[in-house]
Each structure stands twice: as C-alpha cells, then as structure tokens.
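1. Need a 3D model of the sequence below.
(one chain, ligands or ions: 2)
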Amino acid sequence: MVKLLKERDVQVTPQRLAIFERLVIRKDHPSAEMIYSELTHEFPSLTLVTVYNTLQKLSSSGLCCKVNPLHSSARYDGNTTAHMHLICSTCEKVLDLHDVPFSIELPDWVAGEFQVANHMVAFFGLCRQCQISAAAGSTEGINPASRTA
Ligand SMILES: [Zn+2]
Ligand SMILES: [Zn+2]
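-> Residues are numbered from 1 along each chain as shown. Ligands and ions are numbered 1, 2, ... in the order given. Down below sits the predicted model:
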C-alpha cells in the first residue's frame, strides 16, 4: 500500500495510510465522516478535514473512486476495477454489482465533441431493508381483523 501511494506521488503519512487501508477494507463505500469516526480513537489528532483532503487526493490520483455525487456527502470506493452500483435512494446504501456484461454504443457525434475517459453505471431504487420498512409503513393503520371478515 505504501508502494501504491508512492507510485502515485501521494506523500505517505501514518494517517493517510490508515485512511487508505480503511477505505480498501470496507466494502460499503464509506463517506469521509464514516472513516473519520472509525479512526479517531487510533489517531486522536486526526481531523475530518484531513480525511476529506486525503480522500480527495486519493481519488484525484486514481487510487479510489468517488461514488454518487448525488449523496449529501460524497462516498468513496476503494475498489477501482470496473463495476456497477446499486444505490438505495432511501438509506443511501451502495452495493457493488460485479461481472455483469454491459455495453453501450454512443452516437457518432459524441466522438467529435467529447473524449470519454471513464463511465459510471448506477441503478437507483430501494434496498431490501427499505422495501420491508416501506411495506410495513404502507399497511399501518389497516386493521387485519377487518379484512378477514
Ligand atoms: Zn435502503
Ligand atoms: Zn463499488
């Protein structure tokens, strides 16, 4: 990991290394706040700004990806291999979707106007837990006894 950081010209500090490690270990696409609260015991001098800046630096160096800028706070993905995301619009959970063939043919005019470097595919909807909560919420107020008559 130290080697990876050095290769991308990211100055290595124990805090930066710990942030990078956390990000790669966690598979839930954490936000800066999530990583900060996890490391604050280990590094009492760590600030949220340092976590933000480090994640920003890692992402501009190609060592992680920013997921879903629609979230109120950016979420980061330590997995930089191509994969898609399933994003819950209620709880903002981000699930990985691997090994799904996906190809899209862009219209010819794009080549003249825009050089595509990368792409991101995300599906928005409800995770299982939020589906259950939504279903429970929608039947609230209905008296089951009155329906069996
Ligand atoms: Zn959800
Ligand atoms: Zn991911």
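
2. could you pull out the strands for this structure?
-> Using DSSP state E, the strands of the chain run over residues 65-67, 75-77, 84-88, 94-97, 122-125.

3. List phi and psi for the most centrally placed residue in the chain.
-> Geometric centre of the chain, nearest residue: residue 29, 3.4 Å, by CA atoms, centre = their mean. Per-residue torsions, residue 29: phi 50, psi 70 (degrees, to the nearest 10).

4. Give me the distance between it and ligand 2.
-> Using CB to the ion, to the nearest Å, we find residue 29 at a distance of 6 Å from ligand 2. The way it works is simple: take the backbone N, C-alpha and C, and place the C-beta from them, glycine included.

5. thought residue 71 was touching residue 93?
-> No: Residue 71 is beyond contact range of residue 93, at 10.6 Å (criterion: CB atoms under 8 Å).

6. end-to-end on stretch 97-107?
-> Using CA to CA, to the nearest Å, the end-to-end distance of stretch 97-107 comes out at 26 Å.

7. What of stretch 22-41?
-> 14 Å.

8. Tell me the residues of this protein that contact ligand 1?
-> Residues of the chain lying close to ligand 1 by CB under 5 Å from the ion are 88, 90-91, 93, 127, 130.

9. From the residues you listed, pick the one nearest residue 23.
-> residue 93 (16.8 Å; CB to CB).

10. what phi and what psi does the backbone show at the closest residue to that closest one other than its chain neighbours?
-> Excluding its sequence neighbours, the residue lying closest to residue 93 (CB to CB, 6 or more residues apart in numbering) is residue 127, at 5.0 Å. Per-residue torsions, residue 127: phi -70, psi 170 (degrees, to the nearest 10).

11. Might one say that residue 127 is in contact with residue 94?
-> No: applying CB under 8 Å, one finds residue 127 not in contact with residue 94, separated by 9.6 Å.

12. Show me the common contact partners of those two, please.
-> Common neighbours of residue 127 and residue 94 are listed as 86, 88 (criterion: CB atoms under 8 Å, 6 or more residues apart in numbering).

13. can you list the strands of the chain in TSV and add mean neighbour count and distance to ligand 2?
-> Below are the strands of the chain laid out as TSV (neighbours: other CB atoms under 10 Å; distance: least, CB to the ion, whole Å):
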stretch	mean neighbour count	distance to ligand 2
strand 65-67	19	6
strand 75-77	24	4
strand 84-88	18	6
strand 94-97	16	4
strand 122-125	11	10
